[in-house]
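Engineer: build me a model:
(one chain, ligands or ions: 1)
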Amino acid sequence: MLSRVPMTTCTALIVAAGRGSRFGGPLPKQYALLAGRAVLRHTLEAYRSAPQITGLSVVIAEGDEPHYLAAVAGLDLPRPVMGGASRQQSVLNGLEALADRPPDLVAIHDAARPFIRPVDINACLEAASAGGIDGAVPGVRLSDTIKRTGGDGAIVDTIPRSNLWRAQTPQIFRYTSLLEAHRAAAALGQSEATALTDDAAVAERAGLKVVMVEGSEDNRKITTAEDLRITMETRTAFGFDVHGFGAGNAVMLGGIAIPHTQTLAGHSDADVALHALTDAVLGTIGAGDIGKHFPPSDPQWRGASSDRFLRHAVELLMERGGRIVHLDLTLVCEAPKIGPHRDAMVASIAHIAGIDPDRVSVKATTTEKLGFTGRREGIAAQAVATVEIPRR
Ligand code: MG
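Structural biologist: Residues are numbered from 1 along each chain as shown. The predicted model follows:
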């Protein structure tokens with residue numbers, strides 16, 4: 001008969017009970033929106049995608065229930081635990097609430113660290129599971145020179161930094177050891193308790209062996225409203241399209257009809273400019289190309305106005321919390337002349353994309369009568385989209 005090695009259980013205890021006095025917004029920072037979702041929700045989703053985490057529990061402040069319910073809507077979570085007057089008391093409440101069905105390990109994590117990666121959770125969990133170790137804490141080694149000053153602001157000494165770290169969370173411990181350490185710390189006087197600024201400090205005081213694990217600078221804590229703003233990254237992507245001329249009297253370019261001796265042939269309205277722009281925007285979010293979203297084989301796109309293609313791509317970007325910074329278009333053709341229609345095309349593209357006209361550029365060139373555009377067989381369009389999108 002096969003014997004089964006029991007799996008280590010690890011419950012993540014997310015501490016979301018803080019008031020965040022330095023944040024200064026209308027909401028505690030864990031409920032502020034980051035890319036359209038509460039900071040707390042980003043944190044919870046990181047833990048839900050970490051395979052070694054077997055349970056999830058959240059500690060919130062009394063009175064925050066409406067914010068909490070809005071933040072976690074649709075997630076299947078146990079009822080939150082009510083926190084206490086201090087962070088330490090909130091953690092103790094959370095630990096006590098797990099006592100009925102104690103996990104082997106508990107990972108204490110600040111709700112305001114939404115950028116935690118499952119790989120870093122796992123590294124910490126492995127370190128905490130090692131023999132003879134009671135807990136593990138991720139951190140980053142100090143790179144700045146550390147000074148100590150006296151009361152008058154003058155430097156008293158320079159502290160060797162080689163063994164100094166900035167501690168982060170998750171702080172992962174053997175559950176029963178941490179519970180005992182927190183119970184003991186709860187009996188301390190105010191000044192002694194205030195000095196225990198993280199769970200590792202509580203564990204250290206109890207004589208537990210806690211090791212540091214190399215963490216990531218990405219796992220930073222949201223402290224001020226500014227921290228929510230610097231979490232966007234810039235992306236750039238390219239789009240290209242060609243349509244051939246057919247019989248007609250106008251071409252659609254950038255969402256406007258430009259009189260011409262021919263039209264552009266294609267399944268939709270053949271707006272080569274909007275097609276290139278659509279592919280560029282889709283490229284910024286790795287969402288495939290226009291043919292994936294609007295297959296030419298689908299009769300519903302026959303003769304379709306191409307503004308909906310670009311609008312759809314922009315909406316996909318916005319669903320990910322992104323925004324368009326700039327759209328740059330180059331049309332390649334001998335005719336029609338683009339210059340007289342440039343301003344109208346800029347206004348039209350800006351309107352379709354929902355951005356300011358000064359974020360749109362339309363340029364045109366010829367190929368000196370060379371190639372298919374030089375022979376007036378069709379029009380080519382190249383587009384570059386620059387966007388901002390939340391860092392994950
Ligand atoms: Mg096309």
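Engineer: quick one: low-confidence parts of this protein?
Structural biologist: Scanning the chain for pLDDT under 70 picks out the ranges 1-6, 20-25, 229-231, 392.
Engineer: in the longest strand along it, what's buried?
Structural biologist: Criterion DSSP state E: the longest strand present in the chain is strand 232-247. Of all the residues in strand 232-247, those buried under the rule 16 or more other Cβ atoms under 10 Å are 232, 235, 237, 239, 241-243, 245. For every residue, glycine as well, the C-beta is placed using N, CA and C.
Engineer: following that strand, which helix or strand comes up?
Structural biologist: strand 250-253 (DSSP states H and E).
Engineer: strands paired with that next one, and their directions?
Structural biologist: Each strand that pairs with strand 250-253, with its direction, by DSSP bridges: strand 256-259 (antiparallel).
Engineer: can you pull the buried residues of the strand it pairs with?
Structural biologist: 256, 258.
Engineer: what are the contacting residues of it?
Structural biologist: 249-252, 336, 341, 344-345, 348 (Cβ atoms under 8 Å, 6 or more residues apart in numbering).
Engineer: and the residue in the stretch 251-392 of the chain that the ion sits nearest to, how many neighbours?
Structural biologist: Nearest to the ion, among the residues of the stretch 251-392 of the chain, is H275, at 3.6 Å (Cβ to the ion). Using other Cβ atoms under 10 Å, H275 has 27 neighbouring residues.
Engineer: contacts for the strand or helix carrying L331, please.
Structural biologist: Using DSSP H and E, L331 sits in strand 323-332. Outside strand 323-332, the residues that touch it by Cβ under 8 Å, 6+ apart are 234, 253-254, 272-273, 276-277, 280-281, 314, 317, 338, 345, 349, 353-355, 359-367, 373, 379-388.
Engineer: which of the residues you listed are buried?
Structural biologist: Buried among the contacts of strand 323-332 (16+ other Cβ under 10 Å): 253-254, 272-273, 276-277, 280-281, 314, 317, 338, 345, 349, 353, 355, 359-362, 364, 373, 379-388.
Engineer: so what are the domain limits for this protein?
Structural biologist: The chain breaks down into these domains under automatic domain parsing: 10-229, 232-390.
Engineer: quick one: L142 from the ion, how far?
Structural biologist: 54 Å (Cβ to the ion, to the nearest Å).
Engineer: next up, the contacts around that residue.
Structural biologist: 161, 164-166.
Engineer: repeat that for 10 Å
Structural biologist: By Cβ atoms under 10 Å, 6 or more residues apart in numbering, the contact list for L142 reads 159, 161-166.
Engineer: buried subset of these?
Structural biologist: W165.
Engineer: show me where the stretch 101-250 of the chain has strands.
Structural biologist: According to DSSP state E, counting those that start in this stretch, the stretch 101-250 of the chain carries its strands in the segments 105-110, 135-141, 146-149, 155-159, 165-167, 171-174, 210-214, 232-247, 250-253.
Engineer: how about the stretch 251-392 of the chain?
Structural biologist: Going by DSSP E, counting those that start in this stretch, the stretch 251-392 of the chain shows strands at 256-259, 262-264, 323-332, 360-365, 378-390.
Engineer: could you dump the ones you listed to a markdown table with distance to the ion?
Structural biologist: Converted to a markdown table, the strands of the stretch 251-392 of the chain look like this (distance: least, Cβ to the ion, whole Å):
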| stretch | distance to the ion |
| --- | --- |
| strand 256-259 | 17 |
| strand 262-264 | 9 |
| strand 323-332 | 13 |
| strand 360-365 | 17 |
| strand 378-390 | 9 |
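Engineer: same list (these) but as TSV, adding distance to A38.
Structural biologist: Converted to TSV, those look like this (distance: least, Cβ to Cβ, whole Å):
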stretch	distance to A38
strand 256-259	41
strand 262-264	46
strand 323-332	19
strand 360-365	33
strand 378-390	13
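Engineer: next, E96: secondary structure please.
Structural biologist: helix (DSSP: H, G, I helix; E, B strand; the rest coil).
Engineer: give the contact list for the nearest residue to it once chain neighbours are set aside.
Structural biologist: Leaving aside its chain neighbours, E96 sits nearest to L179 (7.4 Å; criterion: Cβ to Cβ, 6 or more residues apart in numbering). L179 is in contact with 91-92, 95-96, 98-99, 102, 106, 173, counting by Cβ under 10 Å, 6+ apart.
Engineer: contacts only, for A16.
Structural biologist: 28-31, 38-40, 43-44, 58-61, 64, 67-68, 71-72, 80-81, 83, 90, 109-112.
Engineer: now with 8 Å?
Structural biologist: With the criterion set at Cβ under 8 Å, 6+ apart, A16 makes contact with 28, 30, 40, 58-61, 64, 68, 80, 111.
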